[in-house]
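Asks: mind looking at a prediction? Sequence and model below.
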Amino acid sequence: MVDPVLASRLQFALTTIVHIIFPVMSMGLAPFLIYFTWKEIRTKQPVYEQLRRFWTRIFAVSFVVGTVTGLVLEFEFGTNFAAFSTTAGELFGGPLALEGMMAFMLEATFLGIFVFGRDRVSDRLYFLSSIAVGLGTWLSAVWILIANSWMQTPRGFEIVVENGNRIVKLTDPLAAYLNPRFPYMFIHMQNAAVESVALFMAGVAAYYVFRHHVWGYPIKHIDFWEKTLKIALAVLLITAPLQVIQGDEYARHVSETQPQKFAAMEAVWETDSYVPEYIVAFPTDVNDLLNPRTKDLFGIGIPGGASWLASGGNPQATIRGLESFSTKAPPVAIVFWAFRIMVALGFWFILLAVWGVYRWWRGELFEDDLLHKALMASSLLGFVAVEVGWIVTEVGRQPWVIQGVMRTSAGVSPSLTGAEATFTLLGFVAGYILLLSLYTYVVGRIIRAGPPPRDELTQSDAAHIQESEVTSGD
Amino acid sequence: MTNVESLATKPLFGLPLAELWFALLFFIFGMFLFLDGFDFGVGVLFATRNDDHEKEQLLAAVGPFWDGNEVWLVVFGGALFAAFPSVYANLFSRYYLLMFAILAALGLRGLAPEMYEEREDDRWRTLWGYSFVIGSTVTPFLLGLFVMNWLVGATGLITPVGVLGGVTVLVLTIVDGAAFLGLKTRGALRDEMRDYGIRAAVGYLGIAIITLGVIYVTEPGLRSSFRSITVVALVMLTATLTGIYTVALRRRRYYAAFAATATLVFGLVGLVATLLFPFVDRTAGLTVREAIISTLPLNIMSIMASVLLPIVLGYFVMLYSAFSGPVDTEETYG
């Protein structure tokens, strides 16, 4: 039997790691779907209807799986972290309820119209429903990140003892909800979602474009894939640099508000100044991998880089080392390497975007087979970056579930037995393997099937197509 | 306008907010049980179909709606967490394995129609057809079990009263689903569904009365509540409405039958709420007033909920009117 605390933590970690994939897919796809719908209605070009229908299918599947895993996440606060829920419920439950009422309802009801209602409602209502769906996904993130960011930088509350329980009492709702971490987290997350989906789109499109233009396979609707690739690259060119610039500010904010997490991200054990930032780090033996200390690592570092990052421009600045904190450090190896992977990926995405757009500008976008291979290989790396980013955020704040207020180990349900927790943990491992396989299988099928053929487009649109073909000649 | 100072110290407009949130919570649960209830019912009735076209019709009937319907459960969880966090924590951790069984059943049910539509081959469809039926049967049963355990304050997971409660809710979803299919289908399929609906309604009345009787005998703590005028009225209402439902279906008045099921669901939920009150968690001995959050967040949540819930109901009116009338199985994704 696994200890109930450990089993609950593993189970929660597993649930969040699996769940985040699906909201990232929906949040990232949302602006694309709004754009496709808008263009479809305005230009009547069949390619936009294909784009809208094709990516809506992936959205719909992601939404279903996201609902299933999200419900698990919501329930787990009560089942496995009852002590946390009792203590923090007054502050934490509100955002969850508001997410349901304000965001999730909007998304779910209008998704019904958006997925099934193209021929049933007017163009105007249809376009509005695409916005409602998108707004719903983004508002969900607002409330969930309010809840999460409050745990990172808790504000606007006091601790009282009630019936022997320590309870967090809300005293200042604005300070609590608009806590210092929230804006950093929200921008970083939303941009990451759009960037990840752009990478995914680019990778999928590159596969078809590559097969057609480089290998000479006949591909149906090649213009669909060319369009997808261009739109994805354009979005990547905006989101990739933004992610790194904003991430830099985010890191500085972390060093101010969660110095222990920052020290773990940089594996700084003794307080030091002029700390270098390793862009690429190599462990020289296995101990450095499992117990990284920046000093012992071999790597390409910017002298004073980490100090510069922490202080906002002073390479001489002092970074407080992990050994100077009264609580035990988070698992440094996980945080340190996850952070390295995220940063490296962030720079790689910028390179990809610039490379792709440069080829496009030169008129060689469809010929560069190395670029296509790089895009295909990177199609899922946005999701990897999101995962490791969340690992930095969540593992990095340990041992705290609410920074400085409540330890994670104190948040676990007191009545939970090791047997129960182990049983459900095993169930989840099996369940999530099944869920992820099915999701991959279904998305794979959608991608292999390609866009809906134009002769199957809806009646009303067939009329529009003929019209637009007559007028625009394309 | 209420100023910030009084928001922190006095309940909004002097309203009994703890009691209102208790009622709101059960209203949200009722919405879930009514709306997702017919999805479950359709899933159970799916088991009676052999014809592929009829199966498609059943799936298409709930297609645009079930996502939105299920969100009421998410909102219920969120609202319980927000207003009565200690109850949320106690209930969910006390019935630990039951909660996970509900999640697994709901997951299966959610996945099944999506997967069913994915491929055309027979073995695949048989597999996901079974999953759809099993998920749709087990979920309402477990939800009934959970609510009944919550009501009587059971300490075990599977109790005789709980099992009866599970069957009651399961049968109610069939009543609900049959009425919904009366609106969404036509011809022979509709007539058969009508027959199932009538039989289920009779069964529901029977099992509900047995369940109430067993609670009366086995739970002495609840006996006094049974003599309250509300409980008596709700029981009579249930009996009358099953009658109205049956007559409406016989006369092919499908809207009336569907309205009757809505009232039946809220009647059951109202009965549970009345029997539970003034407690909100009997096992922990917590009354509504003891378990509610403090004044400031309660006022804020009340303002938010009073603005948001009418808007949400508006979405549902819009959704259901966009897809009113019988299903067209030509409509699929995208």
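Replies: Noted; the coordinates are in hand. On a predicted model such as this, the values are computed, not experimentally measured, just so you know.
Asks: what's the burial count for residue A:440?
Replies: Other residues near residue A:440 number 10, with proximity taken as other C-beta atoms under 10 Å in any protein chain shown. Yep, even glycine has a C-beta here, placed from its N, CA and C like the rest.
Asks: all strands of the stretch 301-450 of chain A, in order?
Replies: Under the criterion DSSP state E, counting those that start in this stretch, the stretch 301-450 of chain A contains strands at A:318-319, A:400-402, A:406-407.
Asks: as JSON lines, those strands with mean neighbour count, distance to chain B and mean pLDDT would be great.
Replies: Converted to JSON lines, the strands of the stretch 301-450 of chain A look like this (neighbours: other C-beta atoms under 10 Å in any protein chain shown; distance: least, C-beta to the nearest C-beta, whole Å; pLDDT from 0 to 100):
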{"stretch": "strand A:318-319", "mean neighbour count": "19", "distance to chain B": "38", "mean pLDDT": "86"}
{"stretch": "strand A:400-402", "mean neighbour count": "23", "distance to chain B": "14", "mean pLDDT": "93"}
{"stretch": "strand A:406-407", "mean neighbour count": "18", "distance to chain B": "14", "mean pLDDT": "91"}
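Asks: make JSON lines out of these and add distance to residue A:10.
Replies: As requested, the strands of the stretch 301-450 of chain A are exported to JSON lines (distance: least, C-beta to C-beta, whole Å):
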{"stretch": "strand A:318-319", "distance to residue A:10": "31"}
{"stretch": "strand A:400-402", "distance to residue A:10": "15"}
{"stretch": "strand A:406-407", "distance to residue A:10": "17"}
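Asks: quick check: which of these is nearest to residue B:306?
Replies: Set against residue B:306 and scored by C-beta to C-beta, those come closest in strand A:400-402, at 29.4 Å.
Asks: in its sheet, what does the closest one sit against?
Replies: Here strand A:400-402 is paired, per DSSP bridges, with strand A:406-407 (antiparallel).
Asks: which element is residue A:9 on?
Replies: Secondary structure here is read from DSSP states H and E; on that basis residue A:9 sits in helix A:4-19.
Asks: output that helix as CSV, restricted to C-alpha atoms.
Replies: Only the C-alpha atoms of helix A:4-19 are listed here, as CSV (Å, rounded to 0.1, in the frame of the first residue of the first chain):
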residue,chain,number,x,y,z
PRO,A,4,-2.3,8.0,1.4
VAL,A,5,-0.5,11.3,1.3
LEU,A,6,1.9,10.2,-1.4
ALA,A,7,-0.9,8.3,-3.3
SER,A,8,-3.1,11.4,-3.2
ARG,A,9,-0.3,13.6,-4.5
LEU,A,10,0.6,11.2,-7.3
GLN,A,11,-3.0,10.9,-8.2
PHE,A,12,-3.5,14.6,-8.3
ALA,A,13,-0.3,15.2,-10.3
LEU,A,14,-1.4,12.5,-12.8
THR,A,15,-4.9,14.1,-13.1
THR,A,16,-3.6,17.6,-13.8
ILE,A,17,-0.9,16.3,-16.2
VAL,A,18,-3.5,14.5,-18.2
HIS,A,19,-6.2,17.1,-17.9
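Asks: okay, now the nearest residue to residue B:65 once chain neighbours are set aside: neighbour count?
Replies: Ranked by C-beta to C-beta, 6 or more residues apart in numbering or on different chains and with sequence neighbours excluded, the top spatial neighbour of residue B:65 is residue A:112, at 6.1 Å. Neighbours of residue A:112 under the rule other C-beta under 10 Å: 25.
Asks: which neighbouring elements make contact with the helix or strand hosting residue A:112?
Replies: Here residue A:112, judged by DSSP H and E, is contained in helix A:105-116. Secondary structure elements in contact with helix A:105-116, counted by 3 or more C-beta pairs under 8 Å, 6 or more residues apart in numbering or on different chains; DSSP states H and E, are helix A:46-79, helix A:123-152, helix B:66-83, helix B:295-322.
Asks: nearest to residue B:124, of these?
Replies: Short answer: helix A:46-79, nearest of these by C-beta to C-beta, at 15.8 Å.
Asks: avg pLDDT for the helix or strand just after that closest one?
Replies: Remark: after helix A:46-79, the chain's next helix or strand is helix A:82-98, criterion DSSP H and E. When the per-residue pLDDT values of helix A:82-98 are averaged, the result is 93.
Asks: helix A:82-98 and chain B, any residue contact?
Replies: Yes: looking at helix A:82-98 against chain B by C-beta under 8 Å from any C-beta of the partner chain, the contacts come from A:82-83, A:85-86, A:88-94, A:96-98.
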